[in-house]
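1. here's a sequence, model it:
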Amino acid sequence: QVQVMEYGGGLVEPGGSLRLSCAAPGFTLDGYAIGWFRQAPGKERERVSCIWSNDGRTYYADSVKGRFTISRDNAKNRVSLQMDSLKPEDTAVYYCALGSWYSDCTYYGMDYWGEGTRVTVMD
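-> I've put the predicted structure just below:
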């Protein structure tokens, strides 16, 4: 069983930054597609960003383009999501998910999920 863990959530003011990290102790992330998803209260879970291992390709939702950056550190066996210029509408529980290298990185295309970390953006 793969245990996916997210780190780095918290409370931040609008315009601030947070860095989320995703790890799976005892499991190598290299070779997997890693996705960050989020779910705000009363809303469906949405895809935020993805990174693929085979070609390093990345994806960003339009709502976070230019503000969020996903990166992979194979030496540390983790994937990070740098979130800058945060807005109140970024408030959500953020989930990290793992999928096969050929995954389309959509909700149903991911195999393992973390329990989420809460991000709150408010004054």
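
2. and the gap between the most centrally placed residue in the chain and residue 74?
-> Taking CA atoms, centre = their mean, the centroid of the chain lies closest to residue 36, which sits 2.4 Å from it. Between residue 36 and residue 74 the computed distance is 17 Å (CB to CB, to the nearest Å). Backbone N, C-alpha and C define where each C-beta goes, glycine included.

3. which ones are touching residue 32?
-> By CB atoms under 8 Å, 6 or more residues apart in numbering, the contact list for residue 32 reads 53, 98, 99, 100, 101, 103.

4. count the residues that sit near the closest residue to the second one other than its chain neighbours.
-> With sequence-adjacent residues excluded and distances taken as CB to CB, 6 or more residues apart in numbering, residue 98 is closest to residue 112, at 4.3 Å. By other CB atoms under 10 Å, 15 other residues sit near residue 112.

5. likewise the one 10 residues further on?
-> In terms of burial, residue 122 registers 10 neighbours under the definition other CB under 10 Å.

6. again with residue 47
-> Neighbours of residue 47 under the rule other CB under 10 Å: 19.

7. secondary structure element holding it?
-> Taking DSSP states H and E as the definition, residue 47 sits inside strand 46-51.

8. now that strand: how far from the chain's centre is it?
-> Relative to the centre of its chain, strand 46-51 is centred 6 Å away, using CA atoms, centre = their mean, to the nearest Å.

9. also stretch 56-69?
-> Centroid separation between stretch 56-69 and its chain, computed with CA atoms, centre = their mean, is 10 Å.
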